[in-house]
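[1] test case, fold it:
(chains A and B)
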Number of protein chains: 2
Amino acid sequence: MEKVKIALLGFGNVGQGVWKILNTNKREIMINCGYEVEVGKILVRDKNKPRAVEVPDSIVTTDINDILSDKDIKIVVELMGGSEPSKEYILSSLKAKKHVVTANKLLLATVGDELISTADAEGVQFYYEASVGGGIPVIREINESLTANKIESIVGIINGTTNYILTKMSQESMGFEEALKEAQAKGYAEADPTSDVEAYDSVYKLAIMASLAFSTKVDSSSIYREGICKIDSIDIDYAKKFGYVIKLLAIGKEIDNELELRVHPTMISKNHPIANINDSFNAIFIKGNAVGDLLLSGRGAGDLPTGSAVVGDIISIIRNKADLRSIGEIKSNLPLKKVKDFNEATSRYYIRLQVADIAGVLGEIAAVFGQYDVSILSVNQEVIDKDSVSLVFITHSAKEGNVSNSMKVIESLDHVNQIASIIRIEEF
Amino acid sequence: MEKVKIALLGFGNVGQGVWKILNTNKREIMINCGYEVEVGKILVRDKNKPRAVEVPDSIVTTDINDILSDKDIKIVVELMGGSEPSKEYILSSLKAKKHVVTANKLLLATVGDELISTADAEGVQFYYEASVGGGIPVIREINESLTANKIESIVGIINGTTNYILTKMSQESMGFEEALKEAQAKGYAEADPTSDVEAYDSVYKLAIMASLAFSTKVDSSSIYREGICKIDSIDIDYAKKFGYVIKLLAIGKEIDNELELRVHPTMISKNHPIANINDSFNAIFIKGNAVGDLLLSGRGAGDLPTGSAVVGDIISIIRNKADLRSIGEIKSNLPLKKVKDFNEATSRYYIRLQVADIAGVLGEIAAVFGQYDVSILSVNQEVIDKDSVSLVFITHSAKEGNVSNSMKVIESLDHVNQIASIIRIEEF
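    Numbers count the residues shown, from 1 in each chain, chains lettered A, B, ... in the order given. So this is what the prediction gives:
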C-alpha cells in the first residue's frame, strides 16, 4: 500500500493523540484517503523526556532542518502552540512546499492571513480545523458547508475550562475558587488559568471564527473581553430565579456591515440549546440567512478529539491531491457488513398492559418474563376502572426476540386484556 | 465576472428556495467560489402552473433534452424527488458529463451506489448533502470531517414532522390525531402523512447515513421500522414520570463488525442533548472513537435550509474545479469590516448593587438610570444585614456606553456601597 509521510512538530497531549489515531484507525484512514499515513519524523525539544506513548528513537529529532530537508515528508503538523518558533517553522515548511496542518489558535488569530497567503503563494495546502472547538468541525462548517449563506451571527461556548467551572458553580453550588481547583485537579484547567478564565483563549478563537464567518480580517484586540472570575454564587442563583443560565459566550454579529464582537459572561434563557451544553463540552450556534439556526456541540479539547480534527485535516490534504476515483473504487470493493438479526438486538423496554384486577395476575406475567430471560427493573400499577388495572413494566436490558416471544404468551393469558404499549428505552 | 450555469429539475418548494438563495446571496457565493451561479434552465412538468417565485419564461422548459444538450450547463440540480424519472434524468446528466446535485433521499437509499459509481466512471462530481437533515451538514460531517474516526454509532431525529407531533403531544398534552392535524395545518405534514409517521422517511435517511458512516452498503429493507401512530398520551405521561422523553430515533450502531439498524419511538433521558431538540428541528448525534460525542442540530426541512445545503453543494463542485488561489485573492482583497464601538453595543443587563437600607435610595438610583436612557424592567430587593440591602435590576435593551456611564454616577452615590455585579442578558 502506498504511504504518505508526515512530520509532527511537538509531541505533547495532542501530538500523542494524533499518533494513537493514526495507529488505531489505520483501516478507516486508508479507506477515506487511499493511503496509509506514516509519521516520518517527530520534532521535540528534549529527546529524553519521558512520554506516555512510545515511538522509535530513529524518528525523533530536535532539529527542524531534518524535517524541512526531508523530501519524503509531504505534510508538516504543527502542535507546539505559542507564537515562536511555531510561526517560523510553519512558514519554513510552507516555503519548502510542504502542506501544513496546525492547531495553533494564537497564530491563526494574530498572523493567520500571513500564513494563509504564504500557503497560497507556495501552492500548498494549509488547514487549521483544530484551532477552534477541538473535535467540532466548526472551521469546515463555516468554510465549506455554509458557503451559500450570509452568516448573521455566531455564538459559542468555545472554552471548556470555563464551561466546566460555570457548570460546577451552577449545578453543585460551588464558588468560583472551589470550582477552579476541581477543574485543575481534573486536568481541565492549567496551573496558571489566566488564559482561560480571563477569556483570552475565547477571544483568539472568536477572532478566527469571525474572520471566516464574516469574510474579513478581525484583529483580536478589537474584541471586548471579560472573564468569569467575578461571577458570584449569588448571581448564579439569581440567574436561575429569572430562568437564565450563565455561560461565557463568544459573540460575533454582523449588522449593517458592522461587526459586533465580544466575549463575556452572559445570561441566556435556560431553554436555549446552548444553555444545556455543560461540563467541558463546547458548542457553536450559527445563524445563516438560508440555513437558519444551526448548533454544533462536542468535545472542545483533549488528545483524541483534537487529534480527530488534525487527522481529518491530514486526510483532506491527501484527498485533494489523490485520484478520488481510486478512493471510490476502494469504497465500492469493501466487504458488505452483516445487519444483525433484529431479534438479537438488546434494549431496555417500557411495557404497558391492561389486565383484570384479580390476585395473581402480576405473578403469572412475571413468571412468563422470567421464562424468557426478561428481567424486570420496576412495576407500576394503577387502577383504570373497577375491573381493570394498568401495569407498567420497565425491564433491564433484554433481547428483542425474547421480549416479543414473552409478549405473545402474555397476550394469550386469560386475565390480560391488552398489550397497550411497548417502547424501547435507550442510552447513548 | 465569470458565470457558471446550472439547471434545476423541478421548481417546487426547494427549487424556489435555491432560486432565492442564488439571488439574495450572490455576493457571498461569489466570494466563496469565485463565480456567479446562474440558473440557465428550469425543468417543470407544467409551464402554466402558478408559482410564488417568478422566473423568465425563456429559461423554463418541459423537455429534459433542452438541458442535456446545452453545453453551457455544467451542473444539474435534481429536486423532483421520487424514483422516476429522477433516476433516469440524473444518469443521463452524469453521462452528458454534467455534475449533479440532488436532495433525493429515496434514490440515494435505493440506488445510491449506482449513481455514485456512474459519476465516478464519467469523471464528474455528485453531491447529495440535502438528502438527509435538510440544512444540517451531516453528509459532509461523515464524509469529510470525521474521516479520522471509526464511527461507533449514529443516532438521529431526522424527521421534522414526527418530532413536531411528539413535541406537541409532550408539551401541550395533545393526542396523536390532534397533533397530526396541527402539523398538517402548519405545513409540516403532508395530506397523506404515511411516509413520515410510519417512519419510511427516517428509514431512507438512516440507510444513507449508515452506508457512509460504516463504509458499507445498507439495504433500507434491512432496517427495523416502527412509526409513532400508536404512541398514547398515557405513555408520554409515564415517560415524564420516569425522567424520559419519547422521540422517533433512527439508530445505527456497529458492534463487532455487525450493524444494528432501527427506527422506532424511543424513550431517552430528558437530560440527553437530543431530548431537548423540539418542534420540527432535527438532530444527529454521532459517536466516533476519536472525536467522542458530537451533536449537530438545525432545520431538517424547508425551502431555505434545504436550499442552503443544495447551494453549498453547487459551490463545492465549482471550488473543486476552480483555481483556489484566485478565491484566496478575492478573499484577501475584500474590504475590512468596521468593528462597532463597544459603547454602541446594546444588550439587556442584570445589575446587582449593595446599598444602604435607607428610604429614597432606590429612587435616587432609578433617576440616574433614567437620565442615561437605561430603562428598568424589574427590581428585586433583598435584605443582606441590618444596614444594607441587595438591589437586583434587570434592564430593557440599553447601550453599553449609557450603562457604564450610569454606573459611574451610581457608584459615586453616598448610599451605594458596592456595584456587586453586571452581567449582560442575551437572546439568540
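
[2] pLDDT below threshold where in chain A?
    Low-confidence segments of chain A (pLDDT under 70): A:1, A:324-325.

[3] how does it divide into domains?
    Domains of chain A are assigned by automatic domain parsing as A:3-135+A:305-332, A:138-299, A:342-425.

[4] and those domains as a markdown table, adding distance to chain B?
    Where C-beta positions appear, they are placed from N, C-alpha and C, glycine not excepted. Shown next, in a markdown table, are the domains of chain A (distance: least, Cβ to the nearest Cβ, whole Å):
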| stretch | distance to chain B |
| --- | --- |
| domain A:3-135+A:305-332 | 3 |
| domain A:138-299 | 3 |
| domain A:342-425 | 4 |
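
[5] how about these, which one is nearest residue B:69?
    domain A:3-135+A:305-332 (26.2 Å; Cβ to Cβ).

[6] end to end on that closest one, go ahead and measure it.
    End-to-end distance of domain A:3-135+A:305-332 (Cα to Cα, to the nearest Å): 21 Å.

[7] that older thread, could I get the domains of chain A as CSV with mean neighbour count and distance to residue B:32?
    Output for the domains of chain A, formatted as CSV (neighbours: other Cβ atoms under 10 Å in any protein chain shown; distance: least, Cβ to Cβ, whole Å):
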stretch, mean neighbour count, distance to residue B:32
domain A:3-135+A:305-332, 19, 15
domain A:138-299, 21, 4
domain A:342-425, 16, 43
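
[8] and residue B:37, which of the ones you listed is closest to it?
    domain A:138-299 (9.4 Å).

[9] and the closest one, end to end?
    End-to-end distance of domain A:138-299 (Cα to Cα): 12 Å.

[10] over to stretch A:138-145?
    Stretch A:138-145 end-to-end distance (Cα to Cα) = 10 Å.

[11] next one: that stretch to chain centre, how far?
    15 Å (Cα atoms, centre = their mean, to the nearest Å).

[12] okay, the domains of chain A in JSON lines with distance to residue B:164 next?
    Converted to JSON lines, these look like this (distance: least, Cβ to Cβ, whole Å):
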{"stretch": "domain A:3-135+A:305-332", "distance to residue B:164": "30"}
{"stretch": "domain A:138-299", "distance to residue B:164": "15"}
{"stretch": "domain A:342-425", "distance to residue B:164": "19"}
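
[13] what sits against the residue lying closest to residue A:147 once chain neighbours are set aside?
    Take residue A:147 and drop its neighbours on the chain: the residue closest to it by Cβ to Cβ, 6 or more residues apart in numbering or on different chains is residue B:32, 3.9 Å away. Neighbouring residues of residue B:32 by Cβ atoms under 8 Å, 6 or more residues apart in numbering or on different chains: A:147-148, B:315, B:319, B:327.

[14] not counting residues beside it along the chain, what's closest to residue A:24?
    Residue A:24 sits nearest to residue B:289 (Cβ to Cβ, 6+ apart), 7.0 Å away.

[15] ok, the one you found touching residue A:20?
    No - the pair residue B:289 / residue A:20 is not scored as a contact, 10.0 Å apart, by Cβ atoms under 8 Å.

[16] what do the two both touch?
    The contact sets of residue B:289 and residue A:20 overlap at residue A:304 (Cβ under 8 Å, 6+ apart).

[17] show residues contacting stretch A:203-215.
    Contacts for stretch A:203-215 (Cβ under 8 Å, 6+ apart): A:105-106, A:108-110, A:112, A:128, A:131-133, A:138-139, A:142-143, A:151, A:154, A:156, A:158-159, A:216-220, A:223, A:225, A:250-252, A:254, A:259, A:261, A:263, A:284, A:286, B:28, B:31, B:331, B:334, B:337.

[18] filter these down to just the ones in strands.
    A:151, A:154, A:156, A:225, A:250-252, A:254, A:259, A:261, A:263, A:284, A:286 (DSSP state E).

[19] tell me the one of those nearest residue A:426?
    Out of those, the member with the shortest distance to residue A:426 (by Cβ to Cβ) is residue A:284, at 26.5 Å.

[20] what's across from the closest one in the sheet?
    Beta bridges link residue A:284 to residue A:156, residue A:296 when assigned by DSSP bridges.

[21] contacting residues for it?
    Residue A:284 touches A:133, A:136, A:138, A:141, A:154-158, A:209, A:295-297, counting by Cβ under 8 Å, 6+ apart.

[22] again with residue A:143
    residue A:212.

[23] and what of residue A:105?
    A:131-132, A:201, A:204-205, A:208 are the contacts of residue A:105 under Cβ under 8 Å, 6+ apart.

[24] can you tell me which of those are in helices?
    Among the contacts of residue A:105, the ones falling in helices (DSSP state H) are A:201, A:204-205, A:208.

[25] who are the packing partners of the one helix or strand residue A:164 maps to?
    Assigned by DSSP states H and E, residue A:164 belongs to helix A:160-171. Other elements packing on helix A:160-171 under the criterion 3 or more Cβ pairs under 8 Å, 6 or more residues apart in numbering or on different chains; DSSP states H and E are helix A:176-185, helix A:194-197, helix A:233-241, strand A:244-255, strand A:281-288.

[26] all helices for the stretch 51-200 of chain A, in order.
    A:64-68, A:86-95, A:105-122, A:138-140, A:160-171, A:176-185, A:194-197, A:200-213 (DSSP state H, counting those that start in this stretch).

[27] which SS class is residue A:392?
    Three-state call for residue A:392 (DSSP: H, G, I helix; E, B strand; the rest coil): strand.

[28] nearest residue to it other than its sequence neighbours?
    residue A:380 (4.2 Å).

[29] is it correct that the one you found is in contact with residue A:362?
    No - contact criterion Cβ under 8 Å: residue A:380 and residue A:362 do not qualify, at 11.2 Å.

[30] name the residues contacting each of these two.
    Common neighbours of residue A:380 and residue A:362 (Cβ under 8 Å, 6+ apart) are residue A:391.
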